[in-house]
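A.B. asks: Here is my input, please return the structure:
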Amino acid sequence: MTSSFVVDGQERAWSPMLLGPGSHGLRTTVDRVRLAEEAGVDQLWLGQNPDDHDVGVMAAGCLAATTSLRVGTAVAPIPSRHPVAMGQLATGLADLSGDRFLLGLGAGHPFINEFVLGLPPVPPVAGMREYLTILRTYLQEGRVDFAGAHYGAHASNAGAYGPRVPVYLGAMRPKMIQVAVRQAEGLLLWLTPPRYIEEHVLPVVRETCAEIGRDPAAFPILAGVPVYLPDDHPNLHADLEGMLTQYAMMPSYRHVMEASGHADRLAGGELGREMIDDLAIVGDPDEVAARLEEYRAIGCVPLPAAAVGAAPLQLDGAEAFARFAKAVCVG
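C.D. replies: All right, here's what the predicted structure looks like:
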């Protein structure tokens, strides 16, 4: 597990950013992404909501508008796209950008998968294993013939195996983390404070790496965390409490919150300032830098998150976005 990576034979710190869907739309987002690249961001990860533009379209726009920025999906939900179609998307974006595309996947949430999309339920871990088997075979070998309980494919990749596409997996619980270590290049986390990572993520990564003979120092863990400069957000803590209360309704995030020491606050129905400050980072640039360093100190890469728009908890205007990008960049 590392907070640095190698570029042109030299090791240097990661400086990534997670950009969630916002109210200003794709064209404004692309304009902001150029500012991020100028500020020193070298990896941009894009979120996906069911009511927003397709994350593949967003990634294409951001890749076309930049020259060196690596752009990834954090995360593309697998229920809405067959693994061969996901492979076609990934190889196309990698080809478009000169191999600057990073593919981050996730199982999605049952409410979205089954109610919003009307899809039949699939066991998350078993389904993800099959999905990644098809996808990675398609990407790496150029042809896949697979028939599983949940996914099947008999297809070829006309791009002569396609460009190299790193695959990252969104996971927070042990079994899915094990899948990430065994079948992906890295791990994507969201709303997981350092205590949870130390106690519930890193032990699983180390144990699984030992089982398969993988070097844990070469398995990147990106920890997505909301970051806010208070002057840009009126009523910040009240808005954050509302957002986190919504996340607490989803079993996977509630599990993380409870395991991070917040079970009593959740049971009482009032999150409180201490819990909010544990799950999100609020402060001036120096305070933000110190909090981000806590993630690096335990062996993972902090992934500061923002959204572009005029709604609460979003960054409205180029100046506010530029301040944020400068505050979260390494070095």
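A.B. asks: so T67 makes contact with V33?
C.D. replies: No. With contact defined as C-beta atoms under 8 Å, T67 does not reach V33; the gap is 11.5 Å. Glycine gets a C-beta too; all of them are placed from N, C-alpha and C.
A.B. asks: where do the strands sit along the stretch 51-200 of the chain?
C.D. replies: Remark: strands assigned in the stretch 51-200 of the chain by DSSP state E, counting those that start in this stretch are 70-73, 76-77, 101-106, 143-147, 152-156, 167-170, 186-190.
A.B. asks: Which strands or helices does the longest one pack on?
C.D. replies: The one in question is strand 101-106. Under the contact definition 3 or more C-beta pairs under 8 Å, 6 or more residues apart in numbering; DSSP states H and E, strand 101-106 sits against strand 43-46, strand 70-73, strand 76-77, helix 83-97, helix 124-141, strand 167-170.
A.B. asks: buried stuff in the longest one?
C.D. replies: Taking 16 or more other C-beta atoms under 10 Å as the basis for neighbour counts, the residues of helix 124-141 that come out buried are 124, 127-139.
A.B. asks: can you tell which of the strands of the stretch 51-200 of the chain is closest to E114?
C.D. replies: E114 lies closest to strand 76-77 among the strands of the stretch 51-200 of the chain, at 12.3 Å (C-beta to C-beta).
A.B. asks: Pull the residues that contact the closest one.
C.D. replies: 48, 55-56, 86, 103-108, 112-113 (C-beta atoms under 8 Å, 6 or more residues apart in numbering).
A.B. asks: Next: stretch 324-331.
C.D. replies: Stretch 324-331 is contacted by residues 12-15, 17, 35-36, 39-41, 227, 229, 232, 285, 288-289, 292, 304, 306, 315 when judged by C-beta under 8 Å, 6+ apart.
A.B. asks: Could you pull out the buried residues of it?
C.D. replies: 324-325, 327-330.
A.B. asks: got a markdown table for these, with pLDDT, distance to R254 and secondary structure too?
C.D. replies: Shown next, in a markdown table, are these (pLDDT from 0 to 100; distance: C-beta to C-beta, whole Å; DSSP: H, G, I helix; E, B strand; the rest coil):
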| residue | pLDDT | distance to R254 | secondary structure |
| --- | --- | --- | --- |
| F324 | 97 | 28 | helix |
| A325 | 97 | 31 | helix |
| A327 | 96 | 30 | helix |
| V328 | 96 | 27 | helix |
| C329 | 92 | 32 | coil |
| V330 | 81 | 32 | coil |
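A.B. asks: where's the spatially closest residue to D52 that is not a sequence neighbour relative to R164, distance?
C.D. replies: Using C-beta to C-beta, 6 or more residues apart in numbering and skipping the chain neighbours, the partner closest in space to D52 is P21 (3.8 Å). To R164, P21 is 28 Å away according to C-beta to C-beta, to the nearest Å.
A.B. asks: Compare these two (neighbour count), which wins?
C.D. replies: P21 (22 against 12; other C-beta atoms under 10 Å).
A.B. asks: show me what contacts the more buried one?
C.D. replies: 47-49, 51-53, 307.
A.B. asks: ok, now with 10 Å
C.D. replies: P21 sits next to 29, 46-53, 55, 58, 307-309, 314 when contact means C-beta atoms under 10 Å, 6 or more residues apart in numbering.
A.B. asks: more crowded one of T67 and V33?
C.D. replies: Legend: neighbour count by other C-beta under 10 Å for T67 and V33, higher for V33 (26 against 10).
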